[in-house]
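Participant: My questions concern the predicted model and sequence given below.
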Amino acid sequence: MRIDIYYTPLLVDEKALRDKTVVAIDVLRASTSITTALSNGAREVIPVVTVEAAVKLAANLAADIVLLAGERNAKMIDGFQLGNSPLEYVPDVVKGKTIVFSSTNGAQALAKGRLARELAVCSFVNMSEVTGFLSLPPRDFTIICAGTNGEFSLEDATCAGMLIDGVRRRHGADVEFSDGALAAMTLYRSLGKDLPAMFRLGQHGRLLEGLGFVEDVRFCGRVDAVPVLPVLDGNVLRLKRETEK
């Protein structure tokens, strides 16, 4: 088993990931919101890179089943029904809905993995589900961190490190790490025992808290609070059911 990592989508050649196993991480907040939405009964989430493409796609779907969701610069997009707060994606709002989702960073990471043989969405809230998925059967995988506006993100790298460390503990010497994967695991061992403190160190965590999203940040650090596994099915994200694992 070999583990590789990209710290921002800008570094990714999507063709190089064709037919590979990919994990997309955007802790604050797309990965967490998508996972929460599907856990709370959303039928599917369709990630879209641009606002214009999201609006056009939603216009072609039945109005009573579609929700436009996402953010730009951490704020809800004008005309959308939902932003990027996982706390918005409650059952009464999302159950049975198709969510067309566009975010500043997370949608970019998901788009880069579109040619993968399989793609899973990871965050702290579903960490054990993703670790188990990658371990049975064990296989090579590549992590794409969403980063923040094309730059390295502390929380995404720490989350990646937790995932890598979890896989390592299951498989020991059978795991080979790229230098980037080893660096992420080292970062997790340094900062991952106190996630609230790590979020406060990171640029994006501080930004969100400054904008009033303190509860969002707190929720995003709840390890294994949402134990489901979103995977890409064609061009949409759906839950991988237990019988499929």
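Facilitator: Yep, that arrived.
Participant: Below-threshold pLDDT in the protein: ranges please.
Facilitator: 242-245 (pLDDT under 70).
Participant: any chance you could map the helices in it?
Facilitator: Applying DSSP state H to the chain gives helices spanning 30-39, 51-59, 91-94, 106-112, 127-135, 154-171, 179-191, 195-201, 203-210, 214-220.
Participant: Determine how far the longest strand along the chain lies from the middle of the whole chain.
Facilitator: In the chain, assigned by DSSP state E, the strand with the most residues is strand 66-72. When distances are taken as CA atoms, centre = their mean, to the nearest Å, strand 66-72 is centred 16 Å away from the chain's centroid.
Participant: Would you mind getting the angle between that strand and helix 51-59?
Facilitator: Angle of strand 66-72 versus helix 51-59, following axes from the mean of the first three to the mean of the last three CA atoms, to 10 degrees, is 170 degrees.
Participant: who's in contact with the residue lying farthest from the centre of the chain?
Facilitator: Within the chain, A173 marks the point farthest from the mean C-alpha position, 27.5 Å out by CA atoms, centre = their mean. Shown in contact with A173 (CB atoms under 8 Å, 6 or more residues apart in numbering): no residues. The C-beta positions use only the backbone N, C-alpha and C, and glycine is treated the same way.
Participant: Equivalent analysis for E88, please.
Facilitator: Neighbouring residues of E88 by CB under 8 Å, 6+ apart: S33, L82.
Participant: make it 7 Å
Facilitator: L82 (CB atoms under 7 Å, 6 or more residues apart in numbering).
Participant: before we move on, what about V236?
Facilitator: Here V236 is in contact with E44, V45, I46 (CB under 7 Å, 6+ apart).
Participant: Can you report how many residues neighbour the first one?
Facilitator: So that's E44. 19 (other CB atoms under 10 Å).
Participant: mind checking how far it is from P230?
Facilitator: 10 Å (CB to CB, to the nearest Å).
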